[in-house]
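Enquirer: sequence and predicted structure below; questions after.
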Amino acid sequence: MSFELTLFNSSLIPKQTVTEIIKLNDDTARYGLVLTERQAIELVETRNQSLKAAGRIELGNGIIDKLINAFCDSPYISLPNYAETLHELLEMFYYFKNETIDLISDDKLIEFMKTSFDGVCQGSLDLLSGRELDRLARNLRNGRAADYSEDTEEASGEEDDNG
Amino acid sequence: MDNIEKIRLIDESRLNSELYFQSLIEEACRLGMITDAELEKIRLGCLELLARKIEFYTKGESSSVRVEIAEMIMASNLFTIGLRLKAYPDADSAAEALTKTKIAELYDSGRQLIDKKLKSAKLTYVRLRRNKLQTQNLAYNKTVDADVKTFFKKYHPDFNAHEIPVTPDYPLCKPIDGLVGIEFLEEYLKSLYSENAFCARFDPNNLHRMLLDCDPRYPDLLINIYECVRAADSHIEV
């Protein structure tokens, strides 16, 4: 195998990443949210699979810690659905990094996901993915503002017609 | 005793001048000059460098990039390190440097070498333009007036150091093989400058006649002016 290929074929789960995820329990425990070592390893595995599915590469700690920090205070997340929600958010994150053709930064995307999840989606991951993030991606790809809504435009158009 | 030469382990003819770093590693490993532990250290050094460059590429706004972007940046990094390694007196010393010097340091001095080569290529280009031939050959004019300029404009030493963003149309007498990126352009311009200097000795009208003799359709053809002039020079008085 050539040297270049060995560089990209590393699918190791760095122990440091798992330790850092576990360390976040210190902060999230106050919301009643903690992850076991097994769950942390599974999250890193999901990250690796999601990256592979999205055709992306990530070096360093990645965004697991950022997602945990952003979502730990959500009223729609509790211990029974904590790990499962994080898995879905991770998958969504990398999928929509591609769908938005990298036009949005990690931090802004996570902020959008959190605001929508706690707000209009009221904790529904389906609505977050199928409606809000989908619309965000379409808007960015078409050079429109992130919060542009065709529904709002149509409604205001109708008002103008009636007025 | 004066003729004693140092025994070299690496056969330089087995190295690839385009993929120098990769071929050097493979050859050094094959000959047992790099241990598994050293190879792992080099590999980690390359990944750390890639992480640093990805952060630079995304301006710190994204921790991940598409695979093709990562591959492009990695190829660029390896080319730049290879450039530095080529500067060692021989391949054995270059292989030794790989085990003793940090990858980031090799990259940084390779990057400085690219800047030096870019500067030197730009200087050669200025001299070439000053000495440009008056000819109707379209490929020559396009290369000298536009292609080289576009290369400088589009060449990105931080992320695409290994690429030739524009291949000049004008064919040299001796084509440049086995070189990419700034190494290609530097050699191309050096050769073109030398060919040009020879042809510039001739009056433009004479030059035109010699090229017509070579081929009446010469303005539209991808011909080498120097070759035609050399051939005609043996028959025509300057």
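Expert: Great, that's in hand. Numbers count the residues shown, from 1 in each chain, chains lettered A, B, ... in the order given.
Enquirer: output the contacting helices and strands for the helix or strand harbouring B:Leu192.
Expert: Element membership for B:Leu192 (DSSP states H and E) is helix B:181-199. Contacting helix B:181-199 under the criterion 3 or more C-beta pairs under 8 Å, 6 or more residues apart in numbering or on different chains; DSSP states H and E are the following elements: helix B:103-130, helix B:148-154, helix B:225-233. (C-beta placed from N, C-alpha, C; glycine too.)
Enquirer: any idea how far the residue lying closest to B:Glu12 once chain neighbours are set aside lies from B:Leu98?
Expert: Of all residues not flanking B:Glu12 in the chain, B:Ala91 sits nearest, at 5.2 Å (C-beta to C-beta, 6 or more residues apart in numbering or on different chains). For B:Ala91, the distance to B:Leu98 under the criterion C-beta to C-beta, to the nearest Å works out to 11 Å.
Enquirer: shared neighbours of the two, anything?
Expert: Here B:Ala91 and B:Leu98 have B:Leu24 as joint contacts, going by C-beta atoms under 8 Å, 6 or more residues apart in numbering or on different chains.
Enquirer: checking my notes, B:Leu98 in a helix, right?
Expert: Yes: assessed with DSSP: H, G, I helix; E, B strand; the rest coil, B:Leu98 lies in a helix.
Enquirer: that one contacts B:Leu24, doesn't it?
Expert: Yes: using C-beta atoms under 8 Å, B:Leu98 and B:Leu24 qualify as a contacting pair, with a distance of 7.2 Å.
Enquirer: these two: which is more packed in?
Expert: Summary of the neighbour comparison: B:Leu98 and B:Leu24, criterion other C-beta atoms under 10 Å in any protein chain shown, with B:Leu24 having more neighbours (29 against 24).
Enquirer: check that one and give its pLDDT.
Expert: Per-residue pLDDT puts B:Leu24 at 96.
Enquirer: quick check, central residue of the chain?
Expert: Using chain A here. Ranked by distance to the mean C-alpha position of chain A (C-alpha atoms, centre = their mean), the top residue is A:Phe93 at 3.2 Å.
Enquirer: look at chain B instead
Expert: Within chain B, one residue has its C-alpha closest to the average C-alpha position: by C-alpha atoms, centre = their mean, that is B:Glu183, at 1.6 Å.
Enquirer: re earlier: pretty sure the residue nearest to B:Glu12 contacts B:Ser13?
Expert: No: B:Ala91 is not in contact with B:Ser13 according to C-beta under 8 Å; the separation is 10.1 Å.
Enquirer: which of those two has more neighbours?
Expert: Each of B:Ala91 and B:Ser13 had its neighbours counted (other C-beta under 10 Å), and the higher figure belongs to B:Ala91 (23 against 5).
Enquirer: what's the neighbour count on residue 127?
Expert: You didn't pick a chain, so chain A it is. The tally of other residues near A:Leu127 (other C-beta under 10 Å) stands at 16.
Enquirer: chain B, not that one
Expert: Other residues within reach of B:Arg127 by the criterion other C-beta under 10 Å amount to 13.
Enquirer: returning to that earlier point: and the helices and strands packed on helix B:181-199: which comes nearest A:Asp102?
Expert: Nearest to A:Asp102, of all the helices and strands packed on helix B:181-199, is helix B:148-154, at 20.7 Å by C-beta to C-beta.
Enquirer: so what touches the top helix by length along chain A?
Expert: Residue-count comparison of every helix in chain A, with assignments taken from DSSP state H, identifies helix A:79-99 as the longest. When contacts are taken as C-beta under 8 Å, 6+ apart, the neighbours of helix A:79-99 outside the stretch itself are A:32-35, A:39, A:42-43, A:46-47, A:50-51, A:53-56, A:63-64, A:67-68, A:71, A:77, A:104, A:106, A:109-110, A:113, A:125, A:128-129, A:133-134, A:136-137, A:141, B:62, B:64, B:66.
Enquirer: buried stuff in it?
Expert: Judged by neighbour count (16 or more other C-beta atoms under 10 Å in any protein chain shown), helix A:79-99 contains these buried residues: A:82-83, A:85-87, A:89-97, A:99.
Enquirer: kindly format the C-alpha coordinates of the helix or strand following it as CSV.
Expert: Towards the C-terminus, the helix or strand next in line after helix A:79-99, according to DSSP H and E, is helix A:106-118. Taking Å, rounded to 0.1, in the frame of the first residue of the first chain, the C-alpha atoms of helix A:106-118 are listed here in CSV:
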residue,chain,number,x,y,z
ASP,A,106,-19.5,24.6,12.0
ASP,A,107,-20.5,27.0,14.7
LYS,A,108,-23.2,28.7,12.7
LEU,A,109,-24.7,25.4,11.6
ILE,A,110,-24.8,24.1,15.1
GLU,A,111,-26.3,27.3,16.3
PHE,A,112,-29.0,27.0,13.6
MET,A,113,-29.7,23.4,14.5
LYS,A,114,-30.0,24.2,18.2
THR,A,115,-32.3,27.2,17.7
SER,A,116,-34.5,25.3,15.3
PHE,A,117,-34.6,22.2,17.5
ASP,A,118,-35.6,24.1,20.6
